[in-house]
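Visitor: What follows is a predicted structure for the sequence shown.
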Amino acid sequence: MLKHLTTTAVGGPAGKLVEAHHEADLVQALAEADAQGIPVLLVAGGSNLVISDEGFAGTVIRIATKGINVQEISTDTARLTVAAGENWDAVVAHSLHAGLSGLEALSGIPGSSGATPVQNVGAYGADVSQTLENVRVFDREQGKIITLSNAELQFAYRDSLIKRTSVDGSPRYVVLRVSFLLPYRAESSPVRYAELARRLEVEVGERASAAEVRRTVLELRRGKGMVYDPADLDSHSTGSFFTNPIVDEQVLQHLPQNAPHYPVAEPGKVKLSAAWLIDQAGFSKGYGLEHTSGYLVAGGRAALSTKHTLAITNRGEASAQDVLAIARTIRRGVAEKFGITLVNEPLLIGLSLDEQVAL
């Protein structure tokens, strides 16, 4: 069952399951499935997938490739090259042990390294686009291996060329390995996130010890149930289920003055806090658990984390439909309260938030 390969632990059977431990195995499995016209679903860490209870009728390829290499480019800089199947947090730890900085604020993010450029994974004011050099991919349309540069990946907020050219979660460009350019430095990159800066007792924009930034980020994430732990039901999720909305500045005129908002690169736009919108729409931590107003939505089987309103968690026996019932209810409530439609961050396989649900 595919639920055993995902952090939310939902999902039915696979038509065929292939494990790829080497790059050549991954390319061969993709080429064979594509030649036969068989749909493909890629799974690595499983932290960004919600798979339907009916499962996936095509070929599921579990990416289990390994390999981390540090190549000195100069006395100041190194190239860190990582196989797609490597655990991301282990890669961050490896980079710090090698005397490199730049990835420390991305500590504790669950999932595989190959998934990080797809989603332009980020947290605490950092994202992979800031340090990524290039990505080696298998282009399924051309049937060959190519390298995409940082610029060619066309990164945006939680978005990339790879994500935009995927269909129903199946990418044209399959990540084989990722390379980062990182400085040899004990200090972190400038701390860009106010909450993290406060905990580190530095000003936003200042540096701190990279090791201390990693320790503090892990501490913050664990406090929000955002570091996967089999014993912690609050971490049995995809992490943030909704992205922070990027809206026209004029939208602020219709929100309370204390609504959190942040600048973005696009002129005339601002980024809002999805967690704040959810909470202010009446969905507090633990919504959906017994003794809360949302208990009947999924019978307590799925609920918001008791530590963070952005995570929809499996409390032990949830189905994919239970998870989506909570997500739909929250999305509808935020839209009714603020006129803003939240967008899911994880890939929904065989599922859609637009389906009707009877409450």
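Guide: That came in fine, so what should we check first? Residues are numbered from 1 along each chain as shown.

Visitor: now for the worst-scoring helix or strand of the chain on mean pLDDT, which elements pack on it?
Guide: Ranking every helix and strand in the chain by mean pLDDT, DSSP states H and E puts strand 261-263 at the bottom, with a mean of 91. Helices and strands touching strand 261-263, by 3 or more Cβ pairs under 8 Å, 6 or more residues apart in numbering; DSSP states H and E, are strand 269-272. All C-beta atoms are positioned from the backbone trio N, CA, C, and that covers glycine.

Visitor: mind checking the SS state of Phe138?
Guide: strand (DSSP: H, G, I helix; E, B strand; the rest coil).

Visitor: Next, the buried residues of the least confident helix or strand of the chain.
Guide: His261 (16 or more other Cβ atoms under 10 Å).

Visitor: Contacts made by stretch 237-249 with the rest, please.
Guide: For stretch 237-249, the surrounding residues in contact (Cβ atoms under 8 Å, 6 or more residues apart in numbering) are 7-8, 47-50, 109-110, 157-158, 225-226, 262, 264, 266, 268-274, 277-278, 305, 310-314, 327, 330-331, 340, 342-346.

Visitor: Can you turn the buried part of those residues into a PyMOL selection?
Guide: To isolate the buried members of the contacts of stretch 237-249 in PyMOL, using 16+ other Cβ under 10 Å:
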select buried, resi 7+8+47+48+49+50+109+110+157+158+225+226+270+271+272+273+274+277+278+305+310+311+312+313+314+327+330+331+340+342+344+345+346
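
Visitor: Which of the contacts of stretch 237-249 fall in helices?
Guide: Residues of the contacts of stretch 237-249 located in helices (DSSP state H): Ala274, Leu277, Ile278, Ala327, Ile330, Arg331.

Visitor: Could you give me the buried positions within stretch 163-180?
Guide: 163, 166, 169-180.

Visitor: could you dump those residues to JSON lines with pLDDT?
Guide: Output for those, formatted as JSON lines (pLDDT from 0 to 100):
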{"residue": "Lys163", "pLDDT": "95"}
{"residue": "Ser166", "pLDDT": "93"}
{"residue": "Gly169", "pLDDT": "82"}
{"residue": "Ser170", "pLDDT": "91"}
{"residue": "Pro171", "pLDDT": "95"}
{"residue": "Arg172", "pLDDT": "97"}
{"residue": "Tyr173", "pLDDT": "98"}
{"residue": "Val174", "pLDDT": "98"}
{"residue": "Val175", "pLDDT": "98"}
{"residue": "Leu176", "pLDDT": "98"}
{"residue": "Arg177", "pLDDT": "98"}
{"residue": "Val178", "pLDDT": "98"}
{"residue": "Ser179", "pLDDT": "98"}
{"residue": "Phe180", "pLDDT": "98"}
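
Visitor: What count of nearby residues applies to the closest residue to Asp168 other than its chain neighbours?
Guide: Among residues not flanking Asp168 along the chain, Ile349 sits closest, at 7.3 Å (Cβ to Cβ, 6 or more residues apart in numbering). Using other Cβ atoms under 10 Å, Ile349 has 22 other residues around it.

Visitor: Mind checking the pLDDT average for stretch 22-33?
Guide: Stretch 22-33 shows an average pLDDT of 97 in the prediction.

Visitor: hmm, who's touching the host helix or strand of Val297?
Guide: Using DSSP states H and E, Val297 sits in helix 295-298. If you take Cβ under 8 Å, 6+ apart as the criterion, helix 295-298 is touched by Gly288, Leu289, Ala318, Asp322, Val323, Ala325, Ile326, Thr329, Leu359.
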